[in-house]
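# Fold the following, please.
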Amino acid sequence: MARHQLLDRIDQRIRLAGHNRLALLLFRLGGRQIFGVNVFKVQEVLLRPPLFTMPQLPPGFLGAADIRGRSVPVLDLARAIGQPSDVPANYLVVAEFNRSVQGFLVASVDRIVNIAVEDIQPPPEIGGEAHYLIGVTRYHDELIQLIDVESVLAEAMPNKQGEIDVRPPPSGIGREVLVVDDSRVARNQIRSVLDQLGLASTQLSDGRQALEHLRQLAASGQRPSERYAMVISDIEMPSMDGYTLTSEIRRDPQLRDLYVLLHTSLSGVFNQSMVEKVGADDFVPKYSQQELAERIVARISQISG
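Numbers count the residues shown, from 1 in each chain. Next comes the predicted model:
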C-alpha cells in the first residue's frame, strides 16, 4: 500500500471518532494471524529503511532509522511479543503515542478497516502473546488481534516510576477516583500516582463496564459524583470508547455532574477538539505522571476548597 494512499485513508477514518467506531491498520508478523493497531497512532508506513545503532537503546530494539531527519527507535514486533516468524520484516510502521515516536517492523501491511467498538471482545486469558493484546475482533470471518502497544513498549523500554513532585491533596474528602483503561500497564501507572497521593481507586477495563457500574450506583440510591471525585478514562477501548462514555455520562441526569478527565496515548489537536465536543472536563496525553498528578490534585483541591 503506497504511503500517501494509506495516509489519505487514515484522514478519512478520523471522522469515526466519537461514534464508538475504530479504524484499524491490519498487518501480519509472518504467519497467518492478522494483527491490528489503531490508525490514530500511525504516522506512516514505509518499506524497511536502513537501521543504525544507537548506544542508549534497550536490548529489545534492533536499532534506529532516520525518518525525515529524526532518529526513530525500531522494534521487531514479532520478536517483542514472542510470535515466531521466518518471514523477513519488510515494513516499518511509524507510530506516535505516549508523547514519543517509535517504529515497529512487520512482515506485511494489509489494509485499514472500520470496526464497531462493540464488536471488539476482551482477549482470552491464555498467557503467551495474549499478554500483549487489548482485544480481539473479526473482519470477513478472519480473527484480528489488537496489539497493546503500551504493554509491548513498557517491557521493551521500561520507564521506572519515580516519586511525583506535588503536594498531596487535602485529606478527608472521602472520595475515590474511577479509572477506566483497557491497558494493564496504564492502569498500574495511574494507580501508582493515586497511591502516592493517598487516593483510593476503582479500576475498570472498558467504557461500557464503567457506564454500567455508574448507572448501578445511581439505581441503588448512591450519587456517583459523591463517591467519585473524578473519572480518568482512556479513549480507545473495546466495547465502548472514552468519547462515547463521556457523551453517555453527560446525557444521563444522574451522572452528568461527574468530572471526566480523558487520558490517552492518542495525542494531538484533534483530541483537544473532540474533548470539547463530548463534554469532558480535561485532557492529558499519556504519559507524564507529574502532569497527571498535578491535574488530579487540582481537581481534589477544587472539591475541598
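# Can you give the distance of the longest helix seen in the chain from its chain's centre?
Using DSSP state H to define each element, the chain has its longest helix at helix 289-304. Centroid separation between helix 289-304 and its chain, computed with CA atoms, centre = their mean, to the nearest Å, is 21 Å.
# Who are the packing partners of it?
helix 184-196, strand 228-233, strand 260-264, strand 282-285 (3 or more CB pairs under 8 Å, 6 or more residues apart in numbering; DSSP states H and E). All C-beta atoms are positioned from the backbone trio N, CA, C, and that covers glycine.
# One more pass at 7 Å, please.
helix 184-196, strand 228-233, strand 282-285 (3 or more CB pairs under 7 Å, 6 or more residues apart in numbering; DSSP states H and E).
# Confirm that R256 lies within a helix, as I assumed.
No - according to DSSP: H, G, I helix; E, B strand; the rest coil, R256 belongs to no helix; its state is coil.
# any idea what sits nearest it, other than its immediate chain neighbours?
R250 (5.2 Å; CB to CB, 6 or more residues apart in numbering).
# where does this structure dip in pLDDT?
Under the criterion pLDDT under 70, the flagged ranges of the chain are 1-20, 97-99, 125-130, 158-163, 169-173, 265-274, 305.
# Which stretches in it count as helices?
With DSSP H as the criterion, the chain has helices spanning 3-13, 77-80, 149-156, 184-196, 207-219, 224-227, 242-251, 269-278, 289-304.
# circling back to that earlier point, distance of the residue nearest to R256 from A280?
9 Å (CB to CB, to the nearest Å).
# So these two - more neighbours on which side?
A280 (24 against 16; other CB atoms under 10 Å).
# picking up where we left off before, pick the most deeply packed of the helices and strands packed on helix 289-304.
strand 228-233 (a mean of 25; mean count of other CB atoms under 10 Å).
# And it, how far out from the chain middle?
17 Å.
# got the angle for that strand vs helix 289-304?
Strand 228-233 and helix 289-304 are oriented at 150 degrees to each other (axes from the mean of the first three to the mean of the last three CA atoms, to 10 degrees).
# got the contact list for strand 228-233?
173, 175-180, 190, 207, 242, 245, 258-263, 299-300, 303 (CB atoms under 7 Å, 6 or more residues apart in numbering).
# out of these, which are buried?
Neighbour-count burial (16 or more other CB atoms under 10 Å) applied to the contacts of strand 228-233 gives 175, 177-180, 190, 207, 242, 245, 258-263, 299-300.
# how long is stretch 25-40 end to end?
End-to-end distance of stretch 25-40 (CA to CA, to the nearest Å): 9 Å.
# gap between V94 and L25?
Taking CB to CB, one finds V94 at 11 Å from L25.
# out of these two, which sits in the busier spot?
Shown here are V94 and L25; by other CB under 10 Å, L25 has more neighbours (26 against 22).
# Spit out the contact partners of that one.
L25 neighbours (CB under 7 Å, 6+ apart): G36, V37, V39, V42, I112.
# One more: R111?
L26.
# Run the chain-centre distance for stretch 91-100.
Per CA atoms, centre = their mean, the centroid offset for stretch 91-100 relative to its chain is 13 Å.
# again, but for stretch 29-49
16 Å.
# What residues of that stretch count as buried?
29-30, 34-45.
# backbone phi and psi for D182, please?
phi -80, psi -10 (degrees, to the nearest 10).
# So it versus G103, what's the distance?
23 Å.
# and what of D165?
D165 sits 32 Å away from G103, going by CB to CB.
# again, but for Y91
Distance of Y91 to G103, given as CB to CB: 10 Å.
# Have a look at these two and say which one is more surrounded.
G103 (28 against 19).
# give me the beta-bridge partners of the residue nearest to the more buried one when sequence neighbours are not counted?
Spatial nearest neighbour of G103, chain neighbours left out: V74 (4.3 Å); criterion: CB to CB, 6+ apart. For V74, the beta-bridge partners are G63, G103 (DSSP bridges).
# ok, V74 touching D66?
No - with contact defined as CB atoms under 7 Å, V74 does not reach D66; the gap is 10.7 Å.
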